[in-house]
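Peer 1: Got a sequence here, can you build the structure:
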Amino acid sequence: MVAMSAYALAHLRTPAAHEDVFRYMELIQATMDPYAGRFLVHGAQVEQLEGAWPGTVVIIEFPDLVSARAWYTSPAYQQILPLRTRHIDGETILVDGVAPGYDAARSAAARRLALPADLTTPSGMPAPPGSPR
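Peer 2: Below is the predicted model of the structure:
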């Protein structure tokens, strides 16, 4: 099995300039270092293309999902987390990346083949919800 990077993504909807938030920013890297975490995106201005996206985004890369989860649940990170969450509304997720050489077209073909026959149209495309099969 090929090791895949994993990511912690935070959508910070209400970024705030508060002393606690600055302290959180000063302390977070030390909580990530034992898990080989590194910032890929940190509070950059977003270019909104689809849908509503108030605020900003943070993306942190880890070697794998086990490391990302261990960082997020670590006592060191949990201790500083309220410095941010008391002042900034948002959502945080952990997600696996894709393996090297990932091909979206091959993934679509495999997913299509995995669908039960009654969920596809004669062309092999998924049937729209509520359409006759």
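Peer 1: Angles on the backbone of residue 37, please.
Peer 2: phi -80, psi 150 (degrees, to the nearest 10).
Peer 1: Local confidence estimate at it?
Peer 2: Residue 37 carries a pLDDT score of 98 in this model.
Peer 1: Also residue 120?
Peer 2: 58.
Peer 1: Which other helices and strands does the lengthiest helix in the chain contact?
Peer 2: If you go by DSSP state H, the chain has its longest helix at helix 19-32. Applying 3 or more CB pairs under 8 Å, 6 or more residues apart in numbering; DSSP states H and E, one finds that helix 19-32 contacts helix 75-85. For glycine as for every other residue, the C-beta is placed from the backbone atoms N, C-alpha and C.
Peer 1: can you give me the angle the helix it packs on makes with helix 19-32?
Peer 2: 150 degrees (axes from the mean of the first three to the mean of the last three CA atoms, to 10 degrees).
Peer 1: Helix 75-85 packs against which elements?
Peer 2: helix 19-32.
Peer 1: residues touching residue 59, list them.
Peer 2: 7-9, 39-42 (CB atoms under 8 Å, 6 or more residues apart in numbering).
Peer 1: Looking at the longest helix of the chain now, give me its mean pLDDT.
Peer 2: On average, helix 19-32 scores 98.
Peer 1: Look up how far residue 42 lies from the residue nearest to residue 86 when sequence neighbours are not counted.
Peer 2: Distance criterion CB to CB, 6 or more residues apart in numbering; nearest residue to residue 86, sequence neighbours excluded, is residue 20 at 6.4 Å. For residue 20, the distance to residue 42 equals 17 Å [CB to CB, to the nearest Å].
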